[in-house]
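> I need the structure of the sequence given here:
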Amino acid sequence: MESNPLARTVAFTDGVVAIALTLLVLPLADTAKEAAVIPIGQLVRVHAGDFLAFVMSFLVVSLFWMVHRRIFENLVSAGEGVMMLNIMWLLGVVFLPVPTAVLTYETNPDGGSAVLYMVNLTFIALSGLLLALRIRHRPVLQRPDRGKAIQRSVRRGVVSTSAMVLTLLAAIPLGTLALPLLALLPLLQIAAARRWARQHGGDADQADAEFTAPDEPE
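Just a heads-up that it's a prediction; the model follows:
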């Protein structure tokens, strides 16, 4: 049974993520006011990039949350180090509505908004990776027989962090034109799962299912 501190940490984290995801839509709520003076079709065309920024942020944070959930499923207790790294992860998630809003309102596609946005996402991904690594090196916090599941969490963190860093580097010269690279993240996770399955005697269908299904103890 989960300890009370662990349950409280998970509940707190889920609540903060839910609030952060809700705040992402606020710039679009302001944009919707323009429907009073321009046709809805024109509004959607003019602000297509703004809608895309919202959807992209929502999906990326949701993917981060899925990885984070799997990390905490491996725990029987949460130590101080895990809670501090979790707070660092939440810091990145809570701040994300700010660069998303900057993307929405900035008129220069070659400006620094994409770099700020990717720095934020890289911070979230790196925090999640450090969290997974901390858990891997603290067996006392782990559920029994969760070694492979924890290693998969580390692998997902490495893939996410690598994808964010590469997109950040591309955003420096390309600006917002680099952001569509984020759409490759789910594909990279599936490819990494398939490679893991081949190396450890699994199959491709099981690897694909791993992307959405919760981790099972070995």
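> Output the contacting helices and strands for the longest helix belonging to the chain.
As assigned by DSSP state H, the longest helix anywhere in the chain is helix 147-174. Other elements packing on helix 147-174 under the criterion 3 or more CB pairs under 8 Å, 6 or more residues apart in numbering; DSSP states H and E are helix 48-73, helix 113-136, helix 185-199. Bear in mind the C-beta positions are built from the backbone N, C-alpha and C, glycine included.
> try 10 Å
Contacts defined by 3 or more CB pairs under 10 Å, 6 or more residues apart in numbering; DSSP states H and E place helix 147-174 against helix 48-73, helix 113-136, helix 185-199, helix 204-210.
> what angle separates the third one from helix 113-136?
So that's helix 185-199. 30 degrees (axes from the mean of the first three to the mean of the last three CA atoms, to 10 degrees).
> got the CA positions of helix 185-199 in PDB?
Below are the C-alpha coordinates for helix 185-199, written out as PDB (Å, rounded to 0.1, in the frame of the first residue of the first chain):
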ATOM      1  CA  LEU A 185       8.400  12.500 -30.100                       C
ATOM      2  CA  PRO A 186       5.800   9.800 -29.900                       C
ATOM      3  CA  LEU A 187       7.400   8.100 -32.900                       C
ATOM      4  CA  LEU A 188      10.800   8.300 -31.200                       C
ATOM      5  CA  GLN A 189       9.300   6.700 -28.000                       C
ATOM      6  CA  ILE A 190       7.800   3.900 -30.000                       C
ATOM      7  CA  ALA A 191      11.000   3.300 -31.900                       C
ATOM      8  CA  ALA A 192      13.000   3.200 -28.700                       C
ATOM      9  CA  ALA A 193      10.400   0.700 -27.200                       C
ATOM     10  CA  ARG A 194      10.800  -1.500 -30.300                       C
ATOM     11  CA  ARG A 195      14.600  -1.400 -30.000                       C
ATOM     12  CA  TRP A 196      14.300  -2.300 -26.300                       C
ATOM     13  CA  ALA A 197      12.000  -5.200 -27.100                       C
ATOM     14  CA  ARG A 198      14.400  -6.600 -29.700                       C
ATOM     15  CA  GLN A 199      17.300  -6.300 -27.200                       C
END
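> could you dump the helices and strands packed on helix 147-174 to a markdown table with mean pLDDT and distance to Glu80?
Below are those laid out as a markdown table (pLDDT from 0 to 100; distance: least, CB to CB, whole Å):
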| stretch | mean pLDDT | distance to Glu80 |
| --- | --- | --- |
| helix 48-73 | 86 | 15 |
| helix 113-136 | 93 | 10 |
| helix 185-199 | 75 | 30 |
| helix 204-210 | 44 | 31 |
